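Novice: sequence first, then the predicted structure, then my questions.
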Amino acid sequence: MAIPVPHRVPRRPHAWWMLLLVSQLLVAAIWWRWDWPVGLAAMLASHLSFLWGTLKPDSRLFSPVLTRLPTRERAVWLTIDDGPSADTAAVLDLLDAHGAKATFFLVGERARERPELVREIVRRGHGIGNHSHSHPQSMFWALGPARMREQIGRAQAELTAIAGVQPRWFRAVVGMANPFVASALREHGLARVAWSARGFDAVAADPQAVVARIERDLAPGVIVLMHEGARHGRNVETLQLLLQLLEKQGFRAVLPVANPVHGKTPPGGGVS
């Protein structure tokens, strides 16, 4: 089963400047008309809206973002972040055992350390996505334009060189994408992906609790967020429980087929 999905590369990555200018002109007008108490409140509200657009993983304020597959079939898009890791080989074996497909959102420098795992992911028919070069978890949302371009561009170059194909999907670190992400995505023909079901398995060490959280949001077309290589060491066990749940409820884990929508498509295709 292959589900076509819109591959929305940002068309106007610098449009947020106009939004910022208009909002601050409006703040100035309010300040002039109603004096500083109301003007200050308006300024804070305008700044908070930009912060909300950065910190909310499914916010479309600065760029398009995919949160679910457009299907009524009992299919989900299983995505696995933060690899490659010591878990990758076991994860691949589990996916094979259950006839499931997944997209691995990989970290560039980790891929460089374990290139054989990246190639094995592709060889077994799974997808790879860009998840930054070094995974700066605490500060990705605050990176400026030069460092953001470096994080996305270096990972894209490393993954392409190792896998032989260009990733077409990008997931922001911790899901937080500031205004400078869009221009880097457009430069590399990447579309941003968030999620619609997660169990916090990167930090939660109880597989049953993680899968129970995901189960609450299971529905046709959901994008499931999973991780590998967490310090608690139970990601593989958690994935096994999830795959068993998907089978029990009649869901299939499939890869999307990216349909270009405006924007730039990488030459020679890419990896779902």
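Specialist: Noted; the coordinates are in hand. Numbering: from 1, shown residues only.
Novice: for the residue nearest to W77 when sequence neighbours are not counted, helix, strand, or coil?
Specialist: Once flanking residues are discounted, W77 sits nearest to I223: 4.6 Å by Cβ to Cβ, 6 or more residues apart in numbering. To be clear about C-beta, it is placed using only N, CA and C from the backbone, and glycine gets the same treatment. State at I223, reduced to three classes by DSSP: H, G, I helix; E, B strand; the rest coil: strand.
Novice: doesn't T71 make contact with I223?
Specialist: No - taking Cβ atoms under 8 Å as the definition, I223 is not a contact partner of T71, at 11.5 Å.
Novice: neighbour count winner among those two?
Specialist: I223 (22 against 17; other Cβ atoms under 10 Å).
Novice: and that one, what pLDDT?
Specialist: pLDDT for I223: 98.
Novice: that one and D35, how far apart?
Specialist: 47 Å (Cβ to Cβ, to the nearest Å).
Novice: now do S85
Specialist: 56 Å.
Novice: so these two - more neighbours on which side?
Specialist: Set S85 next to D35 and count neighbours by other Cβ under 10 Å: S85 wins out with 22 against 10.
Novice: quick check: that one is in a helix.
Specialist: No - applying three-state DSSP, one finds S85 to be coil, outside a helix.
Novice: got phi/psi on it?
Specialist: phi -150, psi -180 (degrees, to the nearest 10).
Novice: quick check: closest non-adjacent residue to it.
Specialist: S85 sits nearest to G229 (Cβ to Cβ, 6+ apart), 2.9 Å away.
Novice: ok so, going back, got any residues that touch both of I223 and T71?
Specialist: Counting by Cβ atoms under 8 Å, 6 or more residues apart in numbering, I223 and T71 have no common neighbour.
Novice: circling back: is it true that the residue nearest to S85 touches D82?
Specialist: Yes - the criterion here is Cβ under 8 Å, and G229 meets it with D82 at 5.6 Å.
Novice: the two: who's more crowded?
Specialist: D82 (23 against 20).
Novice: so that one belongs to a helix, correct?
Specialist: No - under three-state DSSP, D82 falls outside any helix and is assigned strand.
Novice: other SSEs contacting the strand or helix carrying L92?
Specialist: According to DSSP states H and E, L92 maps onto helix 88-97. Here helix 88-97 touches strand 102-106, helix 115-123, helix 235-248, going by 3 or more Cβ pairs under 8 Å, 6 or more residues apart in numbering; DSSP states H and E.
Novice: from the chain's centre, how far out does the lowest-mean-pLDDT helix or strand in the chain sit?
Specialist: In the chain, the helix or strand scored least confidently by mean pLDDT, DSSP states H and E is helix 15-55, which has a mean of 76. Centroid separation between helix 15-55 and its chain, computed with Cα atoms, centre = their mean, to the nearest Å, is 29 Å.
Novice: state the mean pLDDT of the next helix or strand after it.
Specialist: Using DSSP H and E, the next helix or strand after helix 15-55 towards the C-terminus is strand 65-66. What strand 65-66 shows for mean pLDDT is 98.
Novice: for strand 65-66, name the packing helices and strands.
Specialist: Contact partners of strand 65-66 among helices and strands, from 3+ Cβ pairs under 8 Å, 6+ apart: strand 3-8, strand 191-193.
Novice: can you tell me which of these is packed in deepest?
Specialist: Of all the helices and strands packed on strand 65-66, strand 191-193 carries the top mean neighbour count, a mean of 26, counting by mean count of other Cβ atoms under 10 Å.
Novice: that strand - contacts with which helices or strands?
Specialist: Using 3+ Cβ pairs under 8 Å, 6+ apart: strand 191-193 touches strand 65-66, strand 169-170, helix 181-188.
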